[in-house]
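Novice: Let me see the structure of the following:
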Amino acid sequence: MASQKPGCLFGLLKLFGGGPERGEGLPYRIKDRFLTDAERSFYHVLRTAAGADLAICPMVRLADVLSITARKREFWSALNKISAKHVDFLLCDARTMKPVLAIELDDASHRRSDRASRDEFLDAACEAAGLPVLHVPVRRAYDPREIAAAIEQAVAGGPLQEEP
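Specialist: Just a heads-up that it's a prediction; the model follows:
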């Protein structure tokens, strides 16, 4: 069985300044929080509304959910359009982890023209891939039963806009 202890050479290099320290010189630090207050609040309601059959994945990059069918030059253009975009929440079948619904939590910023354009593209890309998108307006409080009904309706192919 191999030893888990670092070797002598590693120890000497570390002692005499050889080799980089772990993370040394890299411009990264952990964020104070992963979700905004509104996203965190909605996440807790979503845990109740989604039930045990759905896994909740927050802040998922679109390029990790959608595959690209285009070839060569069109492939890179299509990838560039989705690589920096994410959905607020992705619901997946808990057994298979197949994506079943993207959820966008819409705050006031979604009324800006640049955000509206981004939302239109995200909706169109997801629709082309067969992934429904549910837009939920930000609120002070949510009723888990209303959210569960909106999820069920969206997954079943109904209207994808929750009523304010």
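Novice: Can you name the element that comes right after the longest helix along the chain?
Specialist: Counting by DSSP state H, the longest helix found in the chain is helix 113-129. On the C-terminal side of helix 113-129, the closest following helix or strand by DSSP states H and E is strand 133-137.
Novice: Which strands or helices does that following strand pack on?
Specialist: When contacts are defined as 3 or more CB pairs under 8 Å, 6 or more residues apart in numbering; DSSP states H and E, strand 133-137 packs onto strand 99-106, helix 113-129, helix 144-155. Placement of C-beta: from N, CA and C, glycine included.
Novice: so which of the ones you listed comes closest to residue 75?
Specialist: For the helices and strands packed on strand 133-137, the distance to residue 75 is smallest for helix 113-129, at 14.2 Å, taking CB to CB.
Novice: now that closest one and strand 133-137, what's the angle there?
Specialist: Helix 113-129 and strand 133-137 are oriented at 150 degrees to each other (axes from the mean of the first three to the mean of the last three CA atoms, to 10 degrees).
Novice: got the contact list for helix 113-129?
Specialist: Outside of helix 113-129, the residues within contact range by CB atoms under 8 Å, 6 or more residues apart in numbering are 62, 65-67, 81-82, 85, 87, 102, 104, 106, 109-110, 132-133, 135, 160.
Novice: tell me the most buried of the helices and strands packed on strand 133-137?
Specialist: Counting by mean count of other CB atoms under 10 Å, strand 99-106 has the highest mean neighbour count of the helices and strands packed on strand 133-137, with a mean of 22.
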